[in-house]
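Student: Just a sequence and a predicted model for now, questions to come.
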Amino acid sequence: YFKPFTVDHILIKPTWETIPEEHKDKLLVQIDPGTAFGTGMHETTQLCIRQLEKRVDQDTLVLDVGTGSGILEANSISTDRFHVIQGNIIDNQSVKDWAGYDKYDIVVANILADVIILLVNEIPAHLKQGGYFITSGIINMKEEAVKAAFAKCEELELVEVTYQGEWVSVTARKR
């Protein structure tokens with residue numbers, strides 16, 4: 001029952017559906033239900049998509065913390081353009097080193113608020129100056145706790161908070 005839908009300028013569809021004529025000009029992301037956690041319809045995913053769309057171009061280097069299924073492979077992205085590692089960037093030094101330091105234009109994390117709060121102290125080390133930390137997966141009752149964690153981090157400046165349904169996205173920039 002999963003049918004094509006859009007999030008702003010992006011068309012999300014299962015592989016078995018054709019591209020509707022009225023959406024041929026949109027960026028295409030193919031997701032088959034059951035092969036990924038979610039289908040792109042969830043509010044937290046759409047909040048991230050909108051933040052990424054504002055800040056990503058073809059030269060942007062992105063670190064996706066909590067990437068889930070790695071659906072990129074199903075969308076014609078060559079393996080020389082992305083790498084996947086399983087591990088914990090919060091407390092595993094080898095994962096931190098693998099990710100690299102002062103490297104990324106954007107770090108995105110669409111995971112639980114309590115994990116985002118822990119990431120606030122780790123992610124700045126991996127961002128370039130002026131880089132963005134885009135977060136979502138934050139239920140509205142956790143918004144203030146997440147914003148308080150960002151406020152305590154001198155390396156990050158809160159730049160935008162967006163909402164969809166009962167979900168929140170918090171975006172910060174490395175000073």
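Tutor: Right, received. Where do you want to start?
Student: what about residue 140, distance to residue 60?
Tutor: Distance, residue 140 to residue 60, by CB to CB, to the nearest Å: 29 Å. In this view, the C-beta of every residue, glycine as well, is placed from N, C-alpha and C.
Student: So what's the gap between the longest helix along the chain and the chain middle?
Tutor: When the chain is parsed with DSSP state H, its longest helix is helix 43-55. Distance of helix 43-55 from the chain centroid (CA atoms, centre = their mean, to the nearest Å) equals 7 Å.
Student: in it, what counts as buried?
Tutor: Neighbour counts over helix 43-55 (16 or more other CB atoms under 10 Å) mark 43-52, 55 as buried.
Student: now stretch 139-159
Tutor: Buried residues in stretch 139-159, counting neighbours by 16+ other CB under 10 Å, are found at 142-143, 146-147, 149-150, 153, 155-156.
Student: From those residues, pick the one nearest residue 133.
Tutor: Closest to residue 133 out of the buried residues of stretch 139-159 is residue 156 (6.3 Å), distances taken as CB to CB.
Student: Just the buried positions in the biggest strand by length in the chain, please.
Tutor: Looking across the chain with DSSP state E, the single longest strand is strand 127-139. Within strand 127-139, the residues scored as buried using 16+ other CB under 10 Å are 127, 131-138.
Student: Touching it from outside, list them.
Tutor: The set of residues external to strand 127-139 that reach it, using CB atoms under 8 Å, 6 or more residues apart in numbering, is 44-45, 47-48, 51-52, 55, 102-113, 116, 119-120, 123-124, 146, 156, 159, 166-175.
Student: can you do 6 Å?
Tutor: Applying CB atoms under 6 Å, 6 or more residues apart in numbering, the external contacts of strand 127-139 come out as 44, 47-48, 51, 55, 102, 104-113, 116, 123, 146, 168-174.
Student: re the thing from before, return the member of the buried residues of stretch 139-159 nearest to residue 22.
Tutor: For the buried residues of stretch 139-159, the nearest to residue 22 is residue 143 (35.8 Å; CB to CB).
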